[in-house]
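Enquirer: here's a sequence, model it:
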Amino acid sequence: MKLIHRSLIIPALLIAFGALAEQPLTTDKDRLSYGLGMIIGERVLKQYGEVDYQILLQGIIAQHQGKQTQMSMTEAGQTLSRSQQKLTQQKYEAVMEKGSAYLAENAKLDGVTVTESGLQYSVITQADGAKPSATDSVTVHYRGTLLDGTEFDSSYARDEPTTFPLNGVIPGWTEGVQLMSVGSKFKFVIPFQLAYGESGAGASIGPYETLIFEIELLSIN
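Expert: Numbering: from 1, shown residues only. Below you'll find the model as predicted:
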């Protein structure tokens, strides 16, 4: 693709920015332009951190006017995705560090087993019943908390067990419940990779959260 020479475009951009800074909003076009700038600044730019406004305007002008651009729309989308992922990881770095530290300390406790995937569990009550497979439906009682003890869900609180297909839940549950016999109760510490990952779940579980579950396997259906 043909590159636009910056020695020509930057002076024009500086003039344009100076004009925009002082120009009153006297027409519908002025108000539309200013409003679009506000919306882009609030709804888009804040998701990507610091940007170079001169180069930003260069991209807007080239794309809007159908001029030759310095990257394709696919490349632009990939660049934005990488930037947003990086910012998200930085934002939740403290959450990930807290989870890693908790997992490291918990793994040292007596009775805690760490599986190859990183799932941690300990036996509260052991039983001799059958064990489910990943394709089974099971009925359980459970309680889920964050690392600070905040309870985000509990079938005990509802006084109603839950039934679900074992291959239809988070990976930590799918793996962990298969280790249990009917009638047993385990405690699981589930790394975020085996829980709700970088997305979280609703308002209660944020991105990159390590979760704690107590699960009691009542039956295999």
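Enquirer: residues in contact with residue 133?
Expert: If you count contacts by CB atoms under 8 Å, 6 or more residues apart in numbering, residue 133 has them with 166, 178. In this view, the C-beta of every residue, glycine as well, is placed from N, C-alpha and C.
Enquirer: now do the one 4 residues further on
Expert: With contacts taken as CB under 8 Å, 6+ apart, residue 137 has the following neighbours: 163, 164, 165, 166, 220, 221.
Enquirer: with residue 47 instead?
Expert: 84, 87 are the contacts of residue 47 under CB under 8 Å, 6+ apart.
Enquirer: at 6 Å instead, please
Expert: residue 84 (CB atoms under 6 Å, 6 or more residues apart in numbering).
Enquirer: if I look at it, how far off is residue 84?
Expert: 6 Å (CB to CB, to the nearest Å).
Enquirer: cool, and residue 136?
Expert: 38 Å.
Enquirer: distance from the longest helix seen in the chain to the middle of the chain?
Expert: If you go by DSSP state H, the chain has its longest helix at helix 73-91. How far helix 73-91 lies from its chain's middle: 13 Å, per CA atoms, centre = their mean, to the nearest Å.
Enquirer: what does stretch 77-92 give?
Expert: The answer for stretch 77-92 is 11 Å, by CA atoms, centre = their mean.
Enquirer: what about the helices in this structure?
Expert: Ranges of helices within the chain are 6-22, 28-39, 53-64, 73-91, 93-106, 155-158, 171-177, based on DSSP H.
Enquirer: which one of the contacts of residue 137 is nearest to residue 25?
Expert: residue 164 (56.0 Å; CB to CB).
Enquirer: give me the below-cutoff pLDDT ranges for this structure.
Expert: Along the chain, the parts satisfying pLDDT under 70 run over 1-22.
Enquirer: how about 90 then?
Expert: 1-24, 33, 37, 40-54, 57, 64, 80-92, 198-199, 202 (pLDDT under 90).
Enquirer: and for residue 25, the neighbour number?
Expert: Neighbour count of residue 25, defined by other CB atoms under 10 Å: 12.
Enquirer: for residue 46, same thing?
Expert: 9.
Enquirer: how close does it get to residue 205?
Expert: For residue 46, the distance to residue 205 equals 23 Å [CB to CB].
Enquirer: please apply the same query to residue 52.
Expert: Noted for residue 52: a distance of 36 Å to residue 205, by CB to CB.
Enquirer: higher neighbour count, these two?
Expert: It is residue 205, of residue 52 and residue 205, that has more neighbours when counted by other CB under 10 Å, with 19 against 9.
Enquirer: I'd like the contacts of residue 137 written out as TSV, with neighbour count added.
Expert: Below are these laid out as TSV (neighbours: other CB atoms under 10 Å):
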residue	neighbour count
163	11
164	14
165	13
166	20
220	17
221	11
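Enquirer: residue 181: which of these is nearest?
Expert: residue 220 (9.7 Å).
Enquirer: identify the bridge partners of the closest one.
Expert: Assessed by DSSP bridges, residue 220 has beta-bridge partners residue 138.
Enquirer: contacts only, for it.
Expert: Residue 220 neighbours (CB under 6 Å, 6+ apart): 130, 132, 136, 138.
Enquirer: run a quick neighbour tally on the third one.
Expert: A total of 15 residues lie near residue 136 under the criterion other CB under 10 Å.
Enquirer: ditto for residue 196
Expert: 19.
Enquirer: and what of the one 4 residues further on?
Expert: When counting by other CB under 10 Å, one arrives at 17 neighbours for residue 200.
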